[in-house]
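Undergrad: This is a predicted model, with the sequence first.
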Amino acid sequence: MNKNYIFILLLGLLMQAAHADIFELPPAGYDVVGAVSTITARHEDTLVDIARRHGLGYEDIVRANPNLNPWLPGEGAEVILPTQFVLPPGPREGVVLNLAEYRLYYFPEPQKGEPAYVMTYPISIGRMDWETPLGMTQVTAKVVDPAWYPPQSVRDEHAADGDPLPRIVPAGPQNPLGRFALALGMPGYLIHSTNRPAGVGMRVSHGCIRMFPEDIEFLFDLVGVKTQVRIINEPLKFGWSGDELVMEAHPRLEASDRDPLTSVTELYIGATGERAGKLDWHLAEEIVGRADGIPISVGRGIKNAATSAASE
């Protein structure tokens, strides 16, 4: 079946299902997609359940709802859904993985005469001792029902914990790769499904990227071999939404002595390089401290400015 036809068919089904995972790319001058909303928790809900139903991961929903118990928010609790995103910096093409955000963005090539779209999904990333590498790579292979060949270091770790692994774990419910895997040009690293979906949105893997089974199953037919994959670590993002300068902040993955406002300054200068704007520095500092992943307007454009905002 023609891949373009599959894309259009699946896109239509997804839009009809009212998923929050796919957005039409905004016009020039707009870098923000989606909207923040709230729902009321049911008695049986956990925040993890709610997150999965709305295209979010563990860190997404816990950071946005710091006053709620992740495992027992309580019937009637108002739960914030942080389903608004400043698009990641750089070219809007291929797959972009922002590790600090625990999120994947996929920019399929637009069909002729059709609008461009972005799909975005929560991911798990490598633990501190098994960090996911940064850089440019590409999809080198697509595998259905992959066998897992755990590296010796992983087998040693499991053996030390009293949980020895075989040299080959066949496809099936005990295979942590799940049913679908996209191999990357970085040897040993995959974007794959998982048999432990509650961990999606956490820093729990051995360096690979994990996705909810339903998310990667949808993407699997759309992402082709040789698709570009760009892996970044950007805890702060700036973008424009019309005349509003919007900022989104996430916790750093690593400790740093660098003043966070230095990063804010650099991003502000970059965002206003061709378009002057005024920033509320006190609000920006507050957002960095909160680091809840919710985009907030922190400034506005300056019309007919004689000098760039960077010279303020």
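TA: Good, I have the coordinates.

Undergrad: Who does residue 84 form a beta bridge with?
TA: residue 34 (DSSP bridges).

Undergrad: Just list the residues touching it, thanks.
TA: Shown in contact with residue 84 (Cβ atoms under 8 Å, 6 or more residues apart in numbering): 32, 33, 34, 35, 36, 294, 295. Every residue, glycine included, has its C-beta placed from N, CA and C.

Undergrad: Which pair of those spans the longest distance?
TA: Across those, no pair lies farther apart than 33 and 294, at 13.8 Å, counting by Cβ to Cβ.

Undergrad: which residues are contacting stretch 132-139?
TA: 94-95, 97, 99, 125-126, 182-186, 189, 191, 205, 207-209, 223-233.

Undergrad: May I have the beta-bridge partners of the residue sitting nearest the centre point of the chain?
TA: The C-alpha lying nearest the average C-alpha coordinate of the chain belongs to residue 103 (Cα atoms, centre = their mean; 1.0 Å). Under DSSP bridges, the beta-bridge partners of residue 103 are residue 98, residue 122.

Undergrad: which parts of stretch 47-57 are buried?
TA: 47, 48, 49, 50, 51, 52, 54, 55, 56, 57 (16 or more other Cβ atoms under 10 Å).

Undergrad: Mind checking which of those land in strands?
TA: Here DSSP state E is the test, and the buried residues of stretch 47-57 give no hits in strands at all.

Undergrad: wait, which of those residues is closest to residue 113?
TA: Among these, and counting by Cβ to Cβ, the member closest to residue 113 is residue 55, at 27.7 Å.

Undergrad: Does that closest one touch residue 21 like I think?
TA: Yes. Applying Cβ atoms under 8 Å, one finds residue 55 in contact with residue 21, separated by 4.4 Å.

Undergrad: and residue 182, which of the three is it?
TA: Secondary structure assignment for residue 182 (DSSP: H, G, I helix; E, B strand; the rest coil): strand.

Undergrad: Which of the helices or strands spans the residue lying closest to it once chain neighbours are set aside?
TA: Excluding its sequence neighbours, the residue lying closest to residue 182 (Cβ to Cβ, 6 or more residues apart in numbering) is residue 191, at 4.3 Å. In this assignment (DSSP states H and E), residue 191 forms part of strand 190-192.

Undergrad: How about residue 139?
TA: Secondary structure (DSSP H and E) places residue 139 in strand 135-144.

Undergrad: tell me which residues of that strand are tucked away?
TA: For strand 135-144, by 16+ other Cβ under 10 Å, it's 137, 138, 139, 142, 143.

Undergrad: burial of the nearest residue to the last one once chain neighbours are set aside, as a residue count?
TA: Yep, that's residue 143 we're talking about. Nearest residue to residue 143, sequence neighbours excluded (Cβ to Cβ, 6+ apart): residue 181, at 4.7 Å. Using other Cβ atoms under 10 Å, residue 181 has 23 neighbouring residues.

Undergrad: Could you list which residues are in contact with residue 181?
TA: 142, 143, 146, 190, 191, 192, 193.

Undergrad: What separates the first and last residues of stretch 122-132, distance-wise?
TA: Separation of the first and last residues of stretch 122-132 by Cα to Cα, to the nearest Å is 15 Å.

Undergrad: Residue 230 is in contact with residue 90, correct?
TA: Yes. If you go by Cβ under 8 Å, residue 90 and residue 230 touch, sitting 6.5 Å apart.

Undergrad: which neighbours do these two share?
TA: Contacts common to residue 90 and residue 230, judged by Cβ under 8 Å, 6+ apart, are residue 96.

Undergrad: For the strand holding residue 139, give the mean pLDDT please.
TA: Regarding strand 135-144, the rounded mean pLDDT is 97.

Undergrad: now the angle from that strand to strand 180-184?
TA: 150 degrees (axes from the mean of the first three to the mean of the last three Cα atoms, to 10 degrees).

Undergrad: quick one: strands adjacent to strand 135-144?
TA: Strand 135-144 is paired, per DSSP bridges, with strand 180-184 (antiparallel), strand 228-232 (antiparallel).

Undergrad: Looking at those, which is nearest to residue 283?
TA: strand 228-232 (24.8 Å).

Undergrad: mind listing what's buried in that closest one?
TA: 229, 230, 231, 232.

Undergrad: How is the protein partitioned into domains?
TA: 91-232, 236-311 (automatic domain parsing).

Undergrad: Format these as CSV; extra columns: distance to residue 25.
TA: Shown next, in CSV, are the domains of the chain (distance: least, Cβ to Cβ, whole Å):
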stretch, distance to residue 25
domain 91-232, 4
domain 236-311, 12
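
Undergrad: The ones you listed: which one's closest to residue 42?
TA: So among these, domain 91-232 is nearest, using Cβ to Cβ, at 17.9 Å.
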